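1. what would the 3D arrangement of this be:
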Amino acid sequence: MKVLIADDDPMWRALLEQNVKKWGFEVITAQDGRQAWNILQEHGAPRVAILDWQMPELDGVDICRRIRCGLNRPFVYTIILTSRDTRDDMVAGFESGADDYLVKPVDMAILRSRLSAAVRIVKAVPPPRQIPGYRLLGRLGAGAMATVYKAQQLSLDRLVAVKILPKKFSQSPEFVKRFYAEGRAAAKLNHPNIVAALDVGRHGNAHYFIMEYVQGHTVHEHLVKEGPYAEGQALAIAIQVAKALNHAHQAGLIHRDVKPKNILITHNGLVKLADMGLARAVSDREAAEAEAGKAFGTPYYIAPEQIRGIVNIDARADIYNFGCTLFHMVTGRVPFEGQDVPTVLRKHLDEPFTPPDHINPLLSNGICEIIELCMAKDPRKRYATTADLIEDLQAVADGRRPVQAHKLIDLAALTALDQKSNADEAVEAQGEGSLITTPLFWIAVVGWLLVVLLLIMVVLLAR
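-> Just a heads-up that it's a prediction; the model follows:
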């Protein structure tokens, strides 16, 4: 595959070219931004571009913005390579449309792995196409599972989001079925805190899903740029997410992938839960059995029963996902970290999480208790319904104690106390029974009998 390397520093350009060629890629170089942009406009242009941020004529981030809006050309995966290493710089780079961001001096092994990932994504992203009735305006995002475009719905003259299934998945009946299931699941829901589904269909070989376009940012983007939320802000967002989940649960659906990237916030503060891609009807026994033993979800937020692939998961899996997300929102960290996915999954199954107020001491006891209940490893120890969860979130937001959480915690304490009492009684009974059956006990009894008999004999002889 062709890779464009654009950098005005000849030393870096030569070093990158040497290594990338060694890894088996065909390399084309550019010494300024204008030359790089012209190369990307040519027929058969590179599909991966490594761009320096600051270059004469045209900056790397400006090239990323042009690529993002250019729908008449094949998808180009862009990697910004720069010495600008602050968090704000990184956010600005990603917001320009860059797909990856590396800081100089870069570890070549890391660059090689990022290029390998770029190739996989480039091969998965479908070529640009038009959907009848819609005019595509620009890419909102691209990944291995789907490409999402901003579009204008011509009949109603409104903005929408169009998700298109990649070509390789369009040839898989299982993925096509899941894609349409997402559309049908979302279509059952009508709630201000849920991204609305508008249409799903097929044009030629392209399977598409039309959704409400939400202008704003995700919780994930806020966490990257601003860090953790203040408790009041987090609760205001969490209440709206919980209301969205409650609506879905009442419709018989579980989301199964609640996470910061799937929570959108509009400019006026309205929260929207997105991506019903893993949603499933609780009553869909056929789907549940087909998925048995498979872990569906995002590793940092997945419930233990999802990891185990248990058939009969229910709304309490969403409550666990929600708890992990709320933990991340108020601490700036995911509950469990690890060098690889299996390590993270094992921690969800076996390890306790660090109490959130140990990370952020400003948190109230109330929100910590809510997170603790949501993230109980045993589903029976979590909130039974999102309605109970909403009641407690609102109580803490109003400065009151979380009533439902205290009921659950008190019940758990009473159960533990009762179990301890029963265990103590059993130990006592066992102790009494075991005393009677010991040889020393019977030796002592016989000894006392002999003493009594001896005393009786002494008395009789004395007479």
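
2. and His328, how far from Glu372?
-> Using Cβ to Cβ, to the nearest Å, one gets 15 Å for the distance from His328 to Glu372. Backbone N, C-alpha and C define where each C-beta goes, glycine included.

3. what about these two, which has more around it?
-> A count of neighbours by other Cβ atoms under 10 Å puts His328 above the other of His328 and Glu372, at 23 against 20.

4. a helix runs through the more buried one, doesn't it?
-> Yes - His328 forms part of a helix when assessed by DSSP: H, G, I helix; E, B strand; the rest coil.

5. list the contacts for it?
-> The contact partners of His328, by Cβ atoms under 8 Å, 6 or more residues apart in numbering, come to Leu223, Pro260, Tyr300, Tyr301, Val334, Pro335.

6. of those - the most surrounded one?
-> Sorting the contacts of His328 by how many neighbours each has (other Cβ under 10 Å) puts Tyr301 first, at 25 neighbours.

7. burial count for the residue nearest to it when sequence neighbours are not counted?
-> When the adjacent residues along the chain are set aside, Tyr301 lies closest to Cys324, with 4.1 Å between them (Cβ to Cβ, 6 or more residues apart in numbering). Here the number of neighbours of Cys324 (other Cβ under 10 Å) works out to 25.

8. test my guess that Cys324 contacts Val334.
-> Yes - under the criterion of Cβ atoms under 8 Å, Cys324 makes contact with Val334 at 7.0 Å.

9. who does Ile210 bridge with?
-> Listed beta-bridge partners, Ile210: Val162, Asp199 (assigned using DSSP bridges).

10. that one and Lys163, how far apart?
-> Counting by Cβ to Cβ, the separation of Ile210 from Lys163 is 8 Å.

11. ditto for Ser113
-> Taken as Cβ to Cβ, the span from Ser113 to Lys163 is 27 Å.

12. the two: who's more crowded?
-> Neighbour count, other Cβ under 10 Å: between Ser113 and Lys163, Lys163 has more, with 22 against 11.

13. gap between Phe353 and Lys377?
-> On the measure of Cβ to Cβ, Phe353 and Lys377 end up 10 Å apart.

14. of those two, give the one with the bigger neighbour count.
-> Set side by side, Phe353 and Lys377 show unequal neighbour counts under other Cβ under 10 Å, the larger going to Phe353 at 21 against 16.

15. the longest strand anywhere in the chain packs against which elements?
-> Within the chain, and with DSSP state E defining each element, the longest strand by residue count is strand 134-142. Identification of packing neighbours for strand 134-142 by 3 or more Cβ pairs under 8 Å, 6 or more residues apart in numbering; DSSP states H and E yields helix 60-69, strand 147-153, strand 158-164.

16. as CSV, the ones you listed with mean pLDDT and distance to Ala98 would be great.
-> As requested, the helices and strands packed on strand 134-142 are arranged in CSV below (pLDDT from 0 to 100; distance: least, Cβ to Cβ, whole Å):
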stretch, mean pLDDT, distance to Ala98
helix 60-69, 84, 5
strand 147-153, 86, 16
strand 158-164, 89, 20
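
17. quick check, Glu182 in contact with Met211.
-> No - at 9.8 Å, Glu182 does not count as touching Met211 under the criterion of Cβ under 8 Å.

18. tell me the spacing between the nearest residue to Lys188 once chain neighbours are set aside and Ala317.
-> Nearest residue to Lys188, sequence neighbours excluded (Cβ to Cβ, 6+ apart): Ala251, at 5.2 Å. Separation of Ala251 from Ala317 (Cβ to Cβ) stands at 16 Å.

19. can you give me the helices for the stretch 201-350 of the chain?
-> In the stretch 201-350 of the chain, the segments counted as helices under DSSP state H, counting those that start in this stretch are 219-226, 231-250, 285-290, 304-307, 315-331, 341-350.

20. out of those helices, which is the most enclosed?
-> helix 315-331 (a mean of 26; mean count of other Cβ atoms under 10 Å).

21. on that earlier part again, contacts only, for the residue nearest to Tyr301.
-> Lys259, Tyr300, Tyr301, Val334, Pro335, Cys374, Met375.
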